[in-house]
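*Asks:* coordinates only, sequence not included:
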């Protein structure tokens, strides 16, 4: 038993105070409530999309930074994980353009053609 | 690599090329299992992104009107249809389970066996509740006539994207719940205190495994944040 505890003390990893988790937890609840309110009050158009994206990225950031410990993680790991997201952003951009082109041709040939 | 030799390494931006260009270990001080879980989650991110991007493209390019999600996913509460009620409850359940998982990881590192086990068990129950509500939502929509190829509300692509995306996420949750129950048992049994060797591996159990399990579980919650925003709210 004494052996064990000594090893544990040596290997002691950094733990964080419980407060930080409870704060993030509470914030996630509040942000989720706000994003639900976006639908509740039926905001439309640009305001709706901006609010949805704002709350989404804030929640995602909080989860990754604190619940997944990325904030305290080695910088190299953080970079290796986050830079590939730019590839996804490029893909989104490409598909937005492609979607516009597809709907344009469909309108010409399906809707106007009839 | 111990903490004192890590502190001698370059910091900030300079640490990135020096770590990646160094011998043997790219992620200094990061347990290999944790690094591997992160790499897996990165690949999983790409899969979910492909689904969501294909949904975006499908929704943007249909000439038929897209079904209004706040009406399709409304739930009658005392005779009044409340928009997205079930989805909102599911979101809160999943966030709660994410919070309990974060606490389980914390208590794991503090070698608090009982608290760690209980919080993993709470997390598993939260996940189970989530899957149950998803099953209810699916059966409700199937009952209303939503199919992968058609639905009574609007554009026919709606069903295929809905079942594909939420189904793939639900599968992730279900797998997570199974592992949470397995790990709750391992924690209560004291595997991580005695360093008992695992069933599939000759390596000694360590509480870092709880953090790795936690990473997976938080990722499931993270994906739900995006699905909630893009599929249900947009």
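*Replies:* Structure's in. What do you need? Just so it is clear, the model here is predicted, and its values are computed rather than measured. Numbering: from 1, shown residues only, chains lettered A, B, ... in the order given.
*Asks:* Please count neighbours and contacts with C-alpha atoms only from this point.
*Replies:* Will do.
*Asks:* Any idea which residue of chain A lies closest to chain B?
*Replies:* Nearest to chain B, among the residues of chain A, is residue A:103, at 4.3 Å (Cα to the nearest Cα).
*Asks:* Can you pull the phi/psi pair for that residue?
*Replies:* phi -70, psi -30 (degrees, to the nearest 10).
*Asks:* how about the nearest residue to it, chain neighbours excluded?
*Replies:* residue B:61 (4.3 Å; Cα to Cα, 6 or more residues apart in numbering or on different chains).
*Asks:* Please identify the helix or strand for residue B:176.
*Replies:* Using DSSP states H and E, residue B:176 falls within helix B:157-189.
*Asks:* Buried residues, the following helix or strand past that helix. List them.
*Replies:* Note on helix B:157-189: by DSSP H and E, the next helix or strand toward the C-terminus is helix B:191-194. Using 16 or more other Cα atoms under 10 Å in any protein chain shown as the test for burial, helix B:191-194 gives B:191-193.
*Asks:* Any chance of TSV for those residues, columns pLDDT?
*Replies:* Shown next, in TSV, are the buried residues of helix B:191-194 (pLDDT from 0 to 100):
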residue	pLDDT
B:191	84
B:192	84
B:193	82
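*Asks:* So which of these is the closest to residue A:26?
*Replies:* Ranked by distance to residue A:26 (Cα to Cα), those are led by residue B:192 at 29.9 Å.
*Asks:* ok, residues contacting the host helix or strand of residue A:28?
*Replies:* Secondary structure from DSSP H and E places residue A:28 in helix A:18-40. The contact list for helix A:18-40 (Cα atoms under 8 Å, 6 or more residues apart in numbering or on different chains) reads A:48, A:51-52, A:55-56, A:59, A:62-63, A:66-67, B:70, B:83, B:88, B:91-92, B:95-96, B:99, B:102-103, B:106, B:233.
*Asks:* Going by neighbour count, which of these are buried?
*Replies:* Buried members of the contacts of helix A:18-40, counted by 16+ other Cα under 10 Å: A:48, A:52, A:55-56, A:59, A:62-63, A:66-67, B:70, B:83, B:88, B:91-92, B:95-96, B:99, B:102-103, B:106, B:233.
*Asks:* From these, which land in helices?
*Replies:* Judged by DSSP state H, the buried ones among the contacts of helix A:18-40 include A:48, A:52, A:55-56, A:59, A:62, B:70, B:88, B:91-92, B:95-96, B:99, B:102-103, B:106 as members of helices.
*Asks:* Report the two of these separated the most.
*Replies:* Maximum pairwise distance among these (Cα to Cα): 37.6 Å, between B:70 and B:106.
*Asks:* So which residue is smack in the middle of chain A?
*Replies:* residue A:60 (2.6 Å; Cα atoms, centre = their mean).
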